[in-house]
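Engineer: Here is a sequence with its predicted model. Questions after.
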2 protein chains.
Amino acid sequence: MLKEERQNYILGRIRELNKVKSNELALELGVSEDTIRRDLNQLSHNGLILKVHGGALSTHQKLYHYNESSVFNRENKVILAKKVVSLFKDGMTIIMSGGTTNLEVSLLIPDNIKLTIYTYSLSIAMQLTEHPNVDVIIIGGKLDKQALVTVGVNVVKLLSKIKADLCIMGTSGIDVDEGITEVGYEVSFVKRVMIASSRQVVALVTADKLNTTQRYPVCDLFEISKIVTDLDPNDPLLIPYAKKGIEII
Amino acid sequence: MLKEERQNYILGRIRELNKVKSNELALELGVSEDTIRRDLNQLSHNGLILKVHGGALSTHQKLYHYNESSVFNRENKVILAKKVVSLFKDGMTIIMSGGTTNLEVSLLIPDNIKLTIYTYSLSIAMQLTEHPNVDVIIIGGKLDKQALVTVGVNVVKLLSKIKADLCIMGTSGIDVDEGITEVGYEVSFVKRVMIASSRQVVALVTADKLNTTQRYPVCDLFEISKIVTDLDPNDPLLIPYAKKGIEII
DNA sequence: GATAATTTTGCATGAATTTGCATTTTTATA
DNA sequence: TATAAAAATGCAAATTCATGCAAAATTATC
C-alpha cells in the first residue's frame, strides 16, 4: 500500500468519524504506529487534520461557536422562525436584515433548499456558512461592533442594486397607524432601501413589538405583504393588522 | 476517547446547559473526576469556560465564540503575531488577508491603539469587534464557506479603490526565486490587488512555508518590504531573503 | 532492466503526556 | 463550627511521542 493511498484512507476515515486513533489505524492498515504518526503529522502539517495526543481530529471543527443561551426570548423567536422558513422556495433570492430572530431563521433553513441570501449581518453570514445549499453574499461596509452589522453609504448603495424575491425584515416597532419604525436613523434608512429592492416584504414581529412605535419611520403598513409573529395568527391583537389586508402567519 | 474529543464534548454540554458538574461529567464520560477537573481547568485557562467549585459555567455572553484549540500550530502563530502587532502605529490604515495567523494578529492588537482595518475575512472581522479602537471595514462579496472569506470580482473592485499604509498578508508559499505563491487562483489574484493598494507589504511566513512553492504566483520578493516569521530573525534559513534586501522580523 | 539515489518504514531509546489514586487542603453549607 | 464534597498535590503506571538509524521499498536515470 502506497503512502498516499494510506493517507487518503486516513482522511476518509476522519471525514466519516471526525476522529482517528493512532493505534487503531495501525491495526487497520497493518503498519506500525510510527508510520501512522508520521502520516498524521504530515497531514496536520498541510492543515488537513488536527493532530492531537493519541490520534487526530477533523479540522472542520468550527472556528466559531454559536451560543444559543445568549439569545433573549429564544423560544418565541424559534416559533416565529419556523413559520418564516416555510415561505422559502427553491431558487429564491432573499435579503435578510440583522437581529437574533433572523439568526434563528438562518439556523432553521432545511438543508435541501437552494437559496441566494444577501445579508449585512456578520452573525447571519457566519451561521449560513453551515448550510450546504445557500449562497451567501455579504454586503460590505463599516462594521457596527454592537449590532454586528455593516452600515454606511456603501451598504445603501449595494442594497439598492439588488433585486430580491423576498425581504425578511426584523422590526423594532410596529403600529397600525405609524407603520414600522426603528430605533436608529441609519437602520431605518437601510431598511427603506431593502424594501425598495424586494418584490415581497415579510416583517418579523415578536409579540412585544406589536403596537409600539420607535423614533424613526421605516414604512407604512401597506408596503409590507406579510407579518410573521410568534402568536396564533387569529390572536385578537393581530386583527387590526389583518384588516389592513396584510397576511398574518 | 481522545482528550480533545472529551473537552469538545464538555464545551458542547456547557453551551447547551450553561453549566456542568464534575461528578456528572465523570459518570457520563467514564473517566475519573480528576480527569474532568483537569479538563475544566484547561478549558478555563483558555478562557472558554468559567471554572467554579463543583463544575463549570458558560462564560460568554457573546453570540459567537472563537475556538482557539482548532487552530493548527497555534503557538508559532502567536509568536509571529506578536511581532506583527509591533508594526502597528496609531492611525494606520491596514489591509488584512484571511487565515488563522492573521486571526491571531487581530487577537493581539493592544487595546489603546487606533486603527482602520479592511478585511474580507469573516473570522477576523468578528474578532476585531472586540477591539475598542479599531474601525473595521468588511469587504463584501460572495462568501467562500470553507475559508470564511469573501471572493469574486466585487472584492477585487473594492480592494483596488483602497489606499492603505500596511498590508498584512498570510502566505501559502515563499521562495527566493519564485517569490510568493498561492494554492488557489482566486486568492492569488486578490492578493495581487491587495499589494497594489498598500504602501508597505508585510508577509506572514511560518517556518514550514519557507522555500515552498505553490501553483499560482502572487508577487516577486522585491515587492514586499518585510517578512515576519516565527523564527529568530538571524536564523540561517532566512539569510537568502535578507540578502534580497527584505527586512526580516 | 540494472543500478544509484531517494524515500519510506520499523525498531530502539529516552522523553513527554495522560490518567487514576492516595493524601492533604480548601470550600460550601447546614 | 462541624461535616461532606471538591480541589490541590505528589506520585506511579500506561501510553504516546520524537529521534536517530539501518533495512526495505520506491523512484529516477542510464
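Structural biologist: Cool, the structure landed. Numbers count the residues shown, from 1 in each chain, chains lettered A, B, ... in the order given.
Engineer: who's in contact with residue A:164?
Structural biologist: If you count contacts by C-beta atoms under 8 Å, 6 or more residues apart in numbering or on different chains, residue A:164 has them with A:93, A:94, A:95, A:118, A:197, A:198, A:199. Heads up, the C-betas are built off the backbone N, CA and C, glycines and all.
Engineer: wait, the fifth one sits on residue A:158?
Structural biologist: No: contact between residue A:197 and residue A:158 fails when scored by C-beta atoms under 8 Å: they sit 9.8 Å apart.
Engineer: Show me which of the two is the more surrounded one.
Structural biologist: residue A:158 (21 against 18; other C-beta atoms under 10 Å in any protein chain shown).
Engineer: and the host helix or strand of that one, how far from the chain's centre?
Structural biologist: Assigned by DSSP states H and E, residue A:158 belongs to helix A:153-160. Centroid separation for helix A:153-160 versus its chain: 20 Å, with C-alpha atoms, centre = their mean, to the nearest Å.
Engineer: residues of that helix that come out buried?
Structural biologist: A:154, A:155, A:156, A:158, A:159 (16 or more other C-beta atoms under 10 Å in any protein chain shown).
Engineer: Quick check, pLDDT for the spatially closest residue to the fourth one that is not a sequence neighbour.
Structural biologist: Looking back up the chat, that one is residue A:158. Leaving aside its sequence neighbours, residue A:158 sits nearest to residue A:139 (C-beta to C-beta, 6 or more residues apart in numbering or on different chains; 4.9 Å). pLDDT for residue A:139: 92.
Engineer: Can you name the residues that contact residue A:139?
Structural biologist: So residue A:139 contacts A:118, A:119, A:120, A:150, A:154, A:155, A:158, A:159, B:140 (C-beta under 8 Å, 6+ apart).
Engineer: And the pLDDT for the fifth one?
Structural biologist: Among the per-residue scores, residue A:154 holds a pLDDT of 84.
Engineer: For the nearest residue to it once chain neighbours are set aside, give the beta-bridge partners.
Structural biologist: Using C-beta to C-beta, 6+ apart and skipping the chain neighbours, the partner closest in space to residue A:154 is residue A:141 (4.2 Å). Per DSSP bridges, residues listed as beta-bridge partners of residue A:141: residue B:138.
Engineer: what's the burial count for residue A:141?
Structural biologist: 23.
Engineer: And for residue A:233?
Structural biologist: Around residue A:233 there are 13 residues (other C-beta under 10 Å).
Engineer: Checking it next. Helix, strand or coil?
Structural biologist: At residue A:233 the chain is in coil, as set by DSSP: H, G, I helix; E, B strand; the rest coil.
Engineer: Relative to residue A:224, how far out is it?
Structural biologist: 15 Å (C-beta to C-beta, to the nearest Å).
Engineer: Would stretch A:46-63 count as contacting DNA strand C?
Structural biologist: Yes: interface with DNA strand C: stretch A:46-63 contributes A:53, A:54 (C-beta under 7 Å from any atom of the strand).
Engineer: What are the buried residues along that stretch?
Structural biologist: A:48, A:49, A:50, A:51, A:52, A:54, A:55, A:56, A:57, A:58, A:59, A:63.
Engineer: Make TSV from those residues and add distance to chain B to it.
Structural biologist: Compiled in TSV, the buried residues of stretch A:46-63 are given as follows (distance: C-beta to the nearest C-beta, whole Å):
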residue	distance to chain B
A:48	9
A:49	9
A:50	6
A:51	8
A:52	5
A:54	5
A:55	5
A:56	9
A:57	6
A:58	9
A:59	7
A:63	6
